[in-house]
Structure formats: structure tokens, C-alpha cells
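**Q** The following comprises the amino acid sequence and a computationally predicted model.
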Amino acid sequence: MRELELDLDAFEGPFDLLLTLVLKEELELAEVDVAEIVVTFCERLAERGQLDLEACGEFLVLVAALLELKARGLFPDEDAELSDLEPEEAAEELARRLAEYRRAKEAAEWLPARLEGEGDRFFRLGPAPLAPRVERRLAPQEPESLAAALRALAVEPPAVSLAHMGLRFPPVSQFLERFRSVLQRRRVFDLDAEVEGMSRIEQAVAFLALLELRRAGEASLEQAAPFAPIRVRRLAEEGRPEWTGIARSA
Amino acid sequence: MDRDRPFRLITAGPVDALARTVEALLVVASQPLSADELAAAADDDPERVETALGLLQERFAEGRSGIVLEHVAGGWAFRASREAAEACGRLFERPVERGLSAAALETLAIVAYLGPVSRPEIARVRGVAADSVVAGLVERGLIAEAGREPGVGGAVRYRTTPLFERVFGLESLSQLPRLDDVGEDAGEIRERLEAVAERRGA
Amino acid sequence: MDRDRPFRLITAGPVDALARTVEALLVVASQPLSADELAAAADDDPERVETALGLLQERFAEGRSGIVLEHVAGGWAFRASREAAEACGRLFERPVERGLSAAALETLAIVAYLGPVSRPEIARVRGVAADSVVAGLVERGLIAEAGREPGVGGAVRYRTTPLFERVFGLESLSQLPRLDDVGEDAGEIRERLEAVAERRGA
């Protein structure tokens, strides 16, 4: 899957290399046609004539992460917006949103249980068979209200805040830093424990960061079985300038 | 009928249990149910259902109860007692409404200025699905179906009705206030609104 | 409660006449009616209506009758007894079939707790776009449009409907369970977030 040979306008070579270049910010993702990558992958898949679920899964994760990165790249305002916030404010805002999200998750768990319990409560939907007909009468209206309604629809919307994208989907570099600092403290850690409670896309970005750590020879990844926890093990030797490899600024 | 005889609602008899089931079915139904339909739902014998219905007809009888069991063309259904006719009249007679909801007004304006339009077109202009709002306006007689979009399987289109013109005091749609600031003609207005809706982004 | 006590349905008492009127109103109504709405339709006193409702609640109680009076969605309504659920299930669809997806439930929860709320806001909380999910919930009648966000060009906002309360058996939205703020690990989360924010700020 990683050897997938790509022939795009902006890039020619294996998919793996493309990822590396993107992560090192040596290739402008905005210029990469992600749809073309998907098409190439599908063609390769068709050639093989058999479905490789594992490769498909990996591909989905990577492409999702790529799209995420590309989307962030296409909305440069968002970073400016974030850096406008003081660190404490940003933390406060993040905490608030996280709390909101958790509450919604909890409530979403309560609802189906309630629905199950109420499943034997039947009631009529709609009018009774022999009910009188309702007549709704409307007072005279001003034609100008129609024009006003359409005018309101023609008003340009206020700029939509994209701050949530940055808040919810931290960049790969952030995960790189985070995993490196964890590996400084611990020789081994479980990915699942680190990304617990994060959105899928965040987990995908985290995974991308892990792949990068492995590429750089900083860590090894182990997984006992499909869907089993992914174990991350520190590889770097003592004394080596471990953390200078691919810092965000590189 | 001896109206004042105390009435046993609960007995251990199985027909009474069946009667309760039939009651339940009838209170949920939005159309009359035949004895056969009731029997199938209750998983019981049609004859026993008839017996249960007889029992219920006595219980839910005019003068005895506000709920009256009635045998009509399609089967059996509950109705309000005649005694309560005046109260029901008040319940169903709505006061004249002063205005329309924002969603209804927007949709109506779109149909008036850009019509005939389909629901997907309305949704594109408003930026949100329009199905329930359109259904409401049709029910109120302010808009009506006006053919389909060209081509096979085209969506149903809607236009405003004469009632709409009466309510808004218009002799025809050509009397609608001008919207030159939004667009020269319907096509231009539509294009502008669709573009804005897309940017509104939702 | 002495379920087997014979029950006098009819007396000459005026509250009983009022109770019959309330029965009649409830059997034809399309949605739950508040005591005030019932009083207005019956042209009677809200307090006397409450008394009548108490009487009817006894009469139309689970186990005693196939028709059950319940207090739901801010009003009073008849439903089928739970005893008859199996029979009802054979004839009618459940108001909301169980197949509400996880995404739909999450969105429903957000609208119930944070509503009125717009699609962009829902998307912000969920982390993914909510368009088709919102459209599906509107289609099912569980949420409805509730104006647009303040200011010009605002996005459409949504709130839950009385049907939502009715389906979930809630007297009102205040019956939703209180959800604690982020629990004991709040401090830890905050620290982590602050660390992240500092790095970003740097």
C-alpha cells in the first residue's frame, strides 16, 4: 500500500515518500490532487482482483489524514485566529468545548436507553379519524414582508469561525511532539491510552504521527492482532541527539 | 338505558381483556379499523372481537361517556360525544393567525418570486431542507403543485395559489414588490441567493 | 389501589360532566393539551379541569383500561396501555422506530440540551458535518426549525419538537437528566490543554 506508485502533477513517486514530504512541509499539500491518489489506489486494487481489507483500512486512515491536513492548509485564517487567543484563553475555550462535547456524548447514551424503555408506549400520530377539520385562517399580510424575507436571504453571511477545526484537529507536528515527550518519560506506551476520547480524525492524525516516528527510526510499532492495542516502543539509543530529527521547524 | 347503574370496568373475564386491547388499538388508530383488522392485531377471534366491540359500544355510548365508539364506513373508530361538540368546535377553531413563521415566510417568498420551483430548489436557496415547510404551506392552501421539472422523474414544482394572492392583497404576482437590489429577474435572484446560501455553508 | 372496586362512570355531578368533555377533547386532539387549553375549549375553570383530569387519570390507568391518560410534552394525552403494546405493534409502526443511528442520537441530544442551535454549531460540537442527520431528524418530526441565528445572514436554528418529548416520554425538556460537567479528570484535561495552548502560542 505504501509502495503505491503515484504519478500526479505535483508529485511522482511512492505514496510513502509523498507522506514524508508533506509531513516535512517540503511539499505543498494544497497542490496535491488527493482524488487522483484515491483513483490510483482503486486502479491498483482492481488490478489485483482481490480485496485487501487491511490495505484499504490503512489507505482510508492515511487519506483521511491527508484530507484533514489539506483542509487546514486551505483555511490559513484559522491559525491566525488561534494565535490571537492567549494560551490561557485557548485552554479555557478548549476545556469548554470538550465539556460540551462530552455532555452531548453522555446524553446520546441516555436517549436510546430511554427509547428502549418507552418502546411499548403507543400513541396516535396525526389527527383522529373522526375529528373535526382544522381550518387555519391567516390575517391579511403585507407583500413587503415577502420582499424582506428574500432580501434577508441575500445578505452575505458573517465569516464563519473555523477555530474549531484547529482546536479539534491538532496538527501532526503536535502529536509528534507529544509522543516524543511521552517516549522521553516512558520506554513503551499504548497508542489507545494516549488517544482515548479523541475524535476519529484526531486519532488518524495521531496515527500518522506514529508512522512518521517509525520512519525516522525513533520508535517501533507492535500490534498483536488486528484491532489489538498498538504498542509504541522507543528505539533511539542513549546519547544520540534523539529529538532533533524532524521537529516542526525543520 | 339505565344511566345510573354502576359500571364494572374491570372483570377477570377474557373478553374484557380483549376489550381493553381493542380500546387501545382504537385510540392509536388514525383511521377506522374493521373487526377483522382488530382481530388480526389482537391475535384473537373475529367473533370474540365483535363481542368485545358490543361491550365497548355500551361503555362508550352517547350520554355515558365523552368518548363514543362509532361504526362508520371503514370500520370502528372513537369520536367525541355530541354533548362535547361545542367544546371540540372551540378546540379546532383556531384564532386567526397574525403572521407566518420565519421558515414559512421565506419559503413562500421563494415560491412567489421564483416559482414554479421544486423542493430541492427551495432547499438550495434557503440552505436547509424544505420538505416539512412546503407540506405545511400546501396544507394551508397558500401554495399548490404545478407540474414537474422537465425530464423524466423531475421533482414536483410549486406555485402560489389564489388564496395566497388574497391574503397578500395582490391582484397578480406581477404586483409583488420589486427586488432590483437583489437581482434583475427571477434567474438572477435565484443565482444570487443560491451563491449566498452556499457561503452560509451550514 | 383497589383495582376491582366497581367504578361509577356516570354521576350527575358537574365535575363528571366536565370530565366527559375533557375525555371528548382528548380523544380527538392531535397532540397533548395543557390544562389551560382544555379549560379554554371546555369554557370552564382550569382548577376544575385539573380535578376532572385527576378523576380521568384514575379511570384511564394502566391495568384498568386499554386507554391510558398520561402527562407528557407539557400536556395531557391518551395513549394505548403498555399491556396492549404487542397488539399495537402488529398494526402500527412505533412512532420512532428503533433505528436512530448513533449520529442521529448524538445530534438529537445536542439539540435537546443546547437548542435552539444551528447546524454549524452542531457540527462544531460533534466535530463532523450534521446536514443529512439534521434533515433526517426534521423528516421524522423530532426537531424543527426555530428561526435563524440573530443578525442578518444567520444560519437556521433547530429545537426539539413536542413529538420528541412524547416519543421519549418526557413531561418537558427539564426532565432530561442533568449532565455533570466534565468529571474528576477535569483538572488533568485542563493542564494538558494548557500545555498544548502554550506550545501553540510559542
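**A** Arrived safely, thanks for sending. Just so it is clear, the structure is predicted and the values come from calculations on it, not from any experiment.
**Q** does residue A:27 count as helix, strand or coil?
**A** coil (DSSP: H, G, I helix; E, B strand; the rest coil).
**Q** Double-check it against residue A:17; I have them as touching.
**A** No: Residue A:27 is not in contact with residue A:17 according to Cβ atoms under 8 Å; the separation is 9.3 Å. Placement of C-beta: from N, CA and C, glycine included.
**Q** hey, where'd the strands end up in chain A?
**A** Shown for chain A, the strands assigned by DSSP state E span residues A:5-7, A:12-14, A:188-190, A:219-223, A:230-234.
**Q** and residue B:100, which of those strands is closest to it?
**A** Closest to residue B:100 of the strands of chain A is strand A:5-7 (Cβ to Cβ; 55.4 Å).
**Q** Name every strand pairing with that closest one and say which way it goes.
**A** Using DSSP bridges, strand A:5-7 pairs in its sheet with strand A:12-14 (antiparallel).
**Q** Now do the partner strand, average pLDDT.
**A** For strand A:12-14, mean pLDDT is 78.
**Q** swap in stretch B:169-179?
**A** On average, stretch B:169-179 scores 89.
**Q** neighbouring contacts of that stretch?
**A** Residues from elsewhere that reach stretch B:169-179 (Cβ atoms under 8 Å, 6 or more residues apart in numbering or on different chains): A:140-141, A:143-144, A:146-147, A:150-151, B:112-113, B:115, B:160, B:164-165, B:189.
**Q** How far off centre is it?
**A** On the basis of Cα atoms, centre = their mean, to the nearest Å, stretch B:169-179 sits 30 Å off its chain's mean C-alpha point.
**Q** Between the two ends of it, how far is it?
**A** Between the opening and closing residues of stretch B:169-179 lies a distance of 18 Å (Cα to Cα, to the nearest Å).
**Q** what does stretch B:77-88 give?
**A** Span of stretch B:77-88 from end to end, Cα to Cα: 17 Å.
**Q** domains of chain A?
**A** Following automatic domain parsing, one gets these domains for chain A: A:5-117, A:169-234.
**Q** would you turn those domains into TSV with mean neighbour count?
**A** TSV is the format used below for these (neighbours: other Cβ atoms under 10 Å in any protein chain shown):
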stretch	mean neighbour count
domain A:5-117	15
domain A:169-234	17
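**Q** can stretch B:59-77 be found next to chain A?
**A** Yes: Stretch B:59-77 reaches chain A (Cβ under 8 Å from any Cβ of the partner chain) through B:70, B:72, B:77.
**Q** Save those as JSON lines, and put in pLDDT too.
**A** Formatted as JSON lines, these follow (pLDDT from 0 to 100):
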{"residue": "B:70", "pLDDT": "94"}
{"residue": "B:72", "pLDDT": "90"}
{"residue": "B:77", "pLDDT": "95"}
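**Q** Now tabulate the residues you listed in TSV and tack on neighbour count and secondary structure.
**A** As requested, the residues of stretch B:59-77 next to chain A are arranged in TSV below (neighbours: other Cβ atoms under 10 Å in any protein chain shown; DSSP: H, G, I helix; E, B strand; the rest coil):
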residue	neighbour count	secondary structure
B:70	15	strand
B:72	12	strand
B:77	22	strand
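**Q** want to throw those into a markdown table with distance to residue B:171?
**A** Converted to a markdown table, the residues of stretch B:59-77 next to chain A look like this (distance: Cβ to Cβ, whole Å):
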| residue | distance to residue B:171 |
| --- | --- |
| B:70 | 46 |
| B:72 | 44 |
| B:77 | 44 |
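**Q** which stretches of chain B form helices?
**A** Using DSSP state H, the helices of chain B run over B:14-28, B:35-42, B:46-59, B:85-92, B:102-114, B:119-126, B:131-139, B:162-167, B:186-200.
**Q** closest to residue C:65 out of those?
**A** Comparing the helices of chain B by their distance to residue C:65 (Cβ to Cβ), the top pick is helix B:14-28, with 6.4 Å.
**Q** Please identify the buried residues of the closest one?
**A** Buried residues in helix B:14-28, counted by 16 or more other Cβ atoms under 10 Å in any protein chain shown: B:15-28.
**Q** Considering only those residues, which also neighbour chain C?
**A** Near chain C, judged by Cβ under 8 Å from any Cβ, the entries from these are B:19-25, B:27-28.
**Q** Model confidence score at residue A:97, please.
**A** 60.
**Q** now do residue A:77
**A** Looking at residue A:77, its pLDDT stands at 50.
**Q** For chain C, see how far away residue A:215 is.
**A** From residue A:215 over to chain C the distance is 22 Å, taken as Cβ to the nearest Cβ, to the nearest Å.
**Q** Residue A:183 too?
**A** For residue A:183, the distance to chain C equals 16 Å [Cβ to the nearest Cβ].
**Q** Find me whatever residue is spatially closest to that residue, sequence neighbours aside.
**A** In space, and not counting its chain neighbours, residue A:183 is closest to residue A:234: 4.5 Å by Cβ to Cβ, 6 or more residues apart in numbering or on different chains.
**Q** shouldn't that neighbour be in contact with residue A:181?
**A** No: between residue A:234 and residue A:181 there is no contact under Cβ under 8 Å: 11.7 Å.
**Q** Pick out the residue nearest the middle of chain B.
**A** Nearest to the mean C-alpha position of chain B, counting by Cα atoms, centre = their mean, stands residue B:139 at 7.2 Å.
**Q** residue contacts, residue A:21?
**A** So residue A:21 contacts A:11, A:27 (Cβ under 8 Å, 6+ apart).
**Q** same thing with the one 10 residues further on?
**A** Residue A:31 makes contact with A:9-10 under the criterion Cβ under 8 Å, 6+ apart.
**Q** For it, give me the pLDDT.
**A** pLDDT, read off for residue A:31, is 76.
**Q** Pick out whichever of the contacts of stretch B:169-179 sits closest to residue A:12.
**A** Closest approach between the contacts of stretch B:169-179 and residue A:12, by Cβ to Cβ: residue B:189, at 47.5 Å.
**Q** so how many other residues sit close to the residue lying closest to that closest one once chain neighbours are set aside?
**A** Among residues not flanking residue B:189 along the chain, residue B:183 sits closest, at 3.6 Å (Cβ to Cβ, 6+ apart). Residue B:183 has 17 neighbours, counted by other Cβ atoms under 10 Å in any protein chain shown.
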